[in-house]
Structure formats: C-alpha cells, structure tokens
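> any chance you can model this:
(one chain, ligands or ions: 1)
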Amino acid sequence: MRCMPTRVTVRVRVQGTCGSRNPLRVIPRSTLCVTAAESVVDGKLEGRKEVRKRGMDGQVRGFEEIPHTGRNGWVNLVKFWREDRFRQLHKHMDRTFNALGPIYREHLGTQSNVNIFLPSDVSELFLSEGLHPERMTLEPWATHREIRQHSKGVFLKNGEEWRADRLLLNKEVMMSSAVKRFLPLLDEVARDFCQMLRMRVEREGRVVEEKHSLTINPSPDLFRFSLEASCHVIYGERIGLFSSSPSLESQKFIWAVERMLATTPPLLYLPHRLLLLIGAPLWTQHVTAWDHIFSHADARIQRGYQRLGQGSEAGAARGHYTGVLGQLLEKGQLSLDLIKANITELMAGGVDTTAVPLQFALFELGRNPEVQEQVRQQVRASWAQAGGDPQKALQGAPLLKGTVREILRLYPVGITVQRRPIRDIILQNYHVPAGTMIHVCLYHLGRSPEVFEDPQRFDPERWSRHEGKRGEGFRSLAFGFGARQCVGRRIAENEMQLLLMHILLSFRLSVPSSEDLKTTYTFILQPETPPQITFCKL
Ligand code: HEM
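As a prediction, this is how the structure comes out:
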C-alpha cells in the first residue's frame, strides 16, 4: 500500500498563472523535477518520496515542480507512436502514477495536461469547475462540424450556449419524470433481446443435463441491442435489429462509430488542420466516419419529423411517448438545427458506450459464479415482487446497480474525465493555475488500493457497503461529475441494468476461460478480443 501524501490544507490564493512566479515558492525547481523517463523505466518510487518529504515544510510548490514525463511534447509523441502507447494509454497512466506519485504533468504533441486520480483531488477540482464546466475540446470533432457547417451539440459547446442546450436536454433524458417515460421502452428491447437469444440457444445450442447451452461471442449482438435501444428511446422507433436480416444501414452506422472513435486519439495530439490540408488518410477516415453518422441520424430525424407532423398531436393527446426527438420537436424550445446536432451526438455517444461494458459485465458475472448467483437471487425476488414494473424491479435489486458500477470501476469506458478549473487551485500541495487542463485518470482510480479495498476483486456489493459513508465521494466517476456529467447516464444505466436483469432471469452464464481480459484503448476502453460467453438456459 502506498503512503498517503501529507496535504497542506492552508488555502492560499495564488496570483498569476505560472508557478515559477509564485512568491510562495522557495524550493529551486531543478531539484524537484522528476522525469518519468527515469522513474518509469526502473519503476522505483524514490523520486516520489523525495517530493513528499520536501512538501512537509508547508510551502505550496510551483506548477513547474510537478513531476512530468518529459518536457518536449513532440519527443514524447514520437515515443507514443513508436511504442503504440495510444492503444495502451490506460496502462501507461497506471505505470506513470506508480512511478511519479498521485500527480504528474504530461506534454504530448499539441497537448499539455496535469493527471490526478485521488478522490480528494477530484473533489477540489469539482469545487473549481464553475457554472460552465469545460472539458478537453475534441478539436477533430469540432473541426468536422465547422467544415461541414453543422451546428454543435452539448458535447462540443461551452459557456452559456452549452448550459442553455443542456438544461433543455436534461429535462428529456436526466430527470426522473423522463426516466419513467423511457424505461418501458428500454425494457421492451431488453426482453426482446433475451427472447431472441433464448431461441438461438435452443436452435444452435447443445443439450447438457437437459438444458440448452450455447457458447458465443456476444459482442455483435450487444452492439445491435444498444443501437436498437438507443433508437427506441431517442427516435421513439424500433428498427428491427433482432430480425433474421437486420439492415445493412444499421451495421454501417455501428462500423462508422467504431471508426470515428478509433481515429480520434491520434488526431487529438496532431495538428489535424494540417492533416486536413494535405488530405492525410487518418483525417479523411475520421471525417468520412462522422459524415456517415450524420447522414444516418439525418434520415431518422427527417422520418421522425414527418411522422410527428402527421400524427404528433393525436399521439401527444393520447399521452403516447414519442421519444426524445419527439419531445424536443413538440416543445419547440430548441431550433431544428440544434435538435439535429444534439440528437446526432446522443446517437454517436449511445451505442459503443453501453455495448462494451455489457461485454465486460457478462464476462465478470461468468467468471464469478457465486457473485452471479447472489445477484440472480436478488433479481428474482425483486422481479417477483414488482409485478412486471421494470422500475420497481430495478429499485428492489441494488446489486444490479452495483454490478454496473463495479464494471465501470474496473473498465471505465472513457479512461479520463477532464476539467479546466476557473480559478487557481492547490493539488497535492502544488499550485495549479486556472485554465490548466486536468485529467482525472479513471482506470488508475478504479484499480488503486489507496481508494478501493481489494481493488482487483469484482464485488458489486462493495457499493452497498459504502453507500452514504462520509468521505466516500468521487470514487464512482465513469459518467463524470457535476453539471457536465454524462447526459446519457440515466439511459445507459437503465439500459444496462435491464438487459442484465433479463439475462440473469433467463440464463446461467459461464466463461470458457477466466483469464483476465486484455484491454485496448480506442477512445473507449475495450477488450482486445471480445470474450466468449456460455449461455445456459435456466
Ligand atoms: C456506460 C455508458 C456511458 C459512459 C461511461 C459515459 C461516459 C461519459 C463521460 C465520462 C462524459 C463526460 C462527463 C464529464 O465531463 O463530466 C460523457 C458525456 C456525454 N455523454 Fe456519455 N457515457 C455513457 C453513455 C452515454 C449515452 C448512452 C449517451 C447518449 C444517449 C451519452 C451521451 C453523452 C453526451 C452527449 C455527453 C456530453 C455531455 C455534456 O458535455 O454536457 N453517453 N459521457
């Protein structure tokens, strides 16, 4: 177990933007800079201990003194390319924290940021995010909108413009009244998915002790499930992805989202406008993928618009829920352009983000049969009590919620959450100027013994044990935090919990191999090879 840093709690309002000009800094910077190049290679912690000891004098240290992984961003970037570190960014962060301690700086190509993971530091960051929290701008995404003259949605906006859109979207996807409306739609899709899987297991599976059992890679089916569920909630429309001949158009949408995500990380650190000018293949692939995502959304929005024009009043009068799109169109508070921009972002953000954690969830439940049985017992009891009401069923099965949290702790979809504080702050006794890009590194946070007891253990119950305990905040951060947290959070949580509930009611899960899954980062964290899962009909 690592020693916890001694934190100096005296709050000093530090003026200026550069640590080296900080009048409170008394220790010469050269004596304290620890480079990861040395420390990561030999993996020793001497550098850290030295920094901690020097912090005991109670002085706030300068920004420049924060340990870093090398001063030259371009040299670092070349190393990243050569060692294919983009695909293992989560592991790189893990190693670097182990070598440099709980805070470090990283320069990478055009980007420069500070990395942290301890909940106490995140809480400090949260307090300084302001009314309009800002994340790292995804410049390649923003440039695509500009060159195609599309409006931006909440993901890419900042300031008052962001807040205005976000408050309207919250009403349709985050508030409990909205959840009540869309939950039955998600439940319908989850039930249909299980029905399809049951038929497949009966048809293709072998019979073991009078029970049908089938081993498959469920990943393509889970992607279809997530897309079907997203379309049902967002457009109020079923698209028939569980039929024997699902549309090629939908498959193309799934590929386009994968391509867009996979081409994002390298573009974040390269001068992508230059790549645009020279027509580099990486940039062209990225833009083509986005174009496809936009045209898919556009076609469905047009259809939704026409459908609403024909029957919305009758539908609304009957109290019929017309999906997020229908609600936004009916209310008319957002312009059509902004509705399109936001609906497209919800679609782009809504498929891989749930399909991938579901793969991890089936795998972990499969390789932990006792935990699986415990969750199933609770789900069965709750389902029996709920009389078919999906919301009641979920409320009575907190272990399902714990399962999703636990999966996102071990396998966070996005490996960091970023913020630019609006005022100078002190993290780990270092002065961090306002406007610095700070990454909260979720993969390291979730697996840190400083934060979680027995962190490698898949233990959904840990969340019930800790619920409401003081000082336990800022540990479950997969959806981000504060006003800018994931706007699709309620859709995602309910979609995943409902699918797991129906799967556990129908099948016993096991895995042919319980070895740890190797993971790779392609803007989202995913298994290098999708796991095989055995579904045995109960
Ligand atoms: C397990 C599933 C998901 C995870 C782990 C996840 C994670 C995240 C995270 C970490 C953020 C940034 C939050 C912050 O900066 O504090 C985010 C933002 C966002 N997510 Fe998700 N997400 C998931 C599912 C979804 C779904 C299903 C949708 C759409 C239906 C969605 C749409 C968005 C959008 C539009 C934003 C930008 C919000 C804003 O900036 O105001 N996400 N998500």
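> burial of Pro357, as a residue count?
Residues lying near Pro357 (other C-beta atoms under 10 Å) number 25. No exception for glycine: its C-beta is placed from N, CA and C like everyone else's.
> state the distance from it to Ile422.
In this view, Pro357 and Ile422 are 32 Å apart by C-beta to C-beta, to the nearest Å.
> likewise Ala483?
For Ala483, the distance to Ile422 equals 13 Å [C-beta to C-beta].
> shared neighbours, the two?
Residues touching both Ala483 and Ile422 (C-beta atoms under 8 Å, 6 or more residues apart in numbering) are Glu129.
> in the stretch 151-300 of the chain, which spans are strands?
Ranges of strands within the stretch 151-300 of the chain are 206-208, 211-216, based on DSSP state E, counting those that start in this stretch.
> would you mind finding the most buried of the ones you listed?
Ranked by mean neighbour count under mean count of other C-beta atoms under 10 Å, the strands of the stretch 151-300 of the chain are led by strand 211-216, which reaches a mean of 17.
> which strands border that strand, and is each parallel or antiparallel?
With DSSP bridges as the test, strand 211-216 is paired with strand 206-208 (antiparallel), strand 533-537 (antiparallel).
> mean pLDDT lowest for which of those?
Comparing mean pLDDT across the strands paired with strand 211-216, the weakest is strand 206-208, with a mean of 89.
> touching that one from outside, list them.
Strand 206-208 is contacted from outside by 212-214, 536, using C-beta under 8 Å, 6+ apart.
> skip the chain neighbours and tell me the closest residue to the residue of the stretch 1-150 of the chain at minimum distance from the ligand.
As assessed by C-beta to the nearest ligand atom, the ligand sits closest to Arg135 within the stretch 1-150 of the chain, at 4.7 Å. Nearest residue to Arg135, sequence neighbours excluded (C-beta to C-beta, 6 or more residues apart in numbering): Gln418, at 4.8 Å.
> any idea how far the one you found lies from Ile533?
With distances taken as C-beta to C-beta, Gln418 is found 33 Å from Ile533.
> count of residues packed around Gln306?
Per other C-beta under 10 Å, the neighbour tally for Gln306 reads 10.
> wait, I meant Arg238
15.
> next, the distance between the ends of stretch 330-341.
By C-alpha to C-alpha, to the nearest Å, the extent of stretch 330-341 from end to end equals 17 Å.
> same check, this time on stretch 525-533
End to end - C-alpha to C-alpha - stretch 525-533 spans 19 Å.
> just stretch 145-163 next, same as before
Per C-alpha to C-alpha, stretch 145-163 runs 19 Å from first to last residue.
> how about that stretch and the ligand, any contact?
Yes - for stretch 145-163 and the ligand, the contact criterion (C-beta under 6 Å from any ligand atom) is met by 154-155.
> repeat for stretch 495-504
No - Stretch 495-504 stays clear of the ligand (C-beta under 6 Å from any ligand atom), getting no nearer than 6.7 Å.
> how about His272: what's its closest non-neighbour residue?
Excluding its sequence neighbours, the residue lying closest to His272 (C-beta to C-beta, 6+ apart) is Pro140, at 4.9 Å.
> hey, which helix is longest across this protein?
When the chain is parsed with DSSP state H, its longest helix is helix 281-317.
> what parts of the protein come near the ligand?
Proximity of the chain to the ligand, by C-beta under 6 Å from any ligand atom, involves residues 135, 154-155, 166, 345-346, 349-350, 353-354, 357, 408, 413-414, 417, 478-481, 484-488, 491-492.
> mind listing the strands for the stretch 351-500 of the chain?
416-419, 425-427, 430-432, 438-441.
> quick one: contacts of the last one?
Applying C-beta under 8 Å, 6+ apart, the set of residues contacting strand 438-441 from outside is 90, 93, 97, 113-117, 121-122, 125, 136, 415-421, 427, 432, 477.
> how does it look with 6 Å?
93, 113-117, 122, 125, 416-419 (C-beta atoms under 6 Å, 6 or more residues apart in numbering).
> buried residues, the longest helix of the chain. List them.
283, 286-287, 289-290, 292-294, 296-297, 300-301, 304-305, 307-308, 312, 315 (16 or more other C-beta atoms under 10 Å).
> C-terminal to that helix, what's the next element?
The helix or strand immediately downstream of helix 281-317 is helix 323-331, counting by DSSP states H and E.
> and the average pLDDT for that following helix is what?
On average, the pLDDT along helix 323-331 is 92.
> now stretch 418-426
Mean pLDDT, stretch 418-426: 97.
> that older thread, okay, angle between the longest helix of the chain and helix 323-331 too, please.
60 degrees (axes from the mean of the first three to the mean of the last three C-alpha atoms, to 10 degrees).
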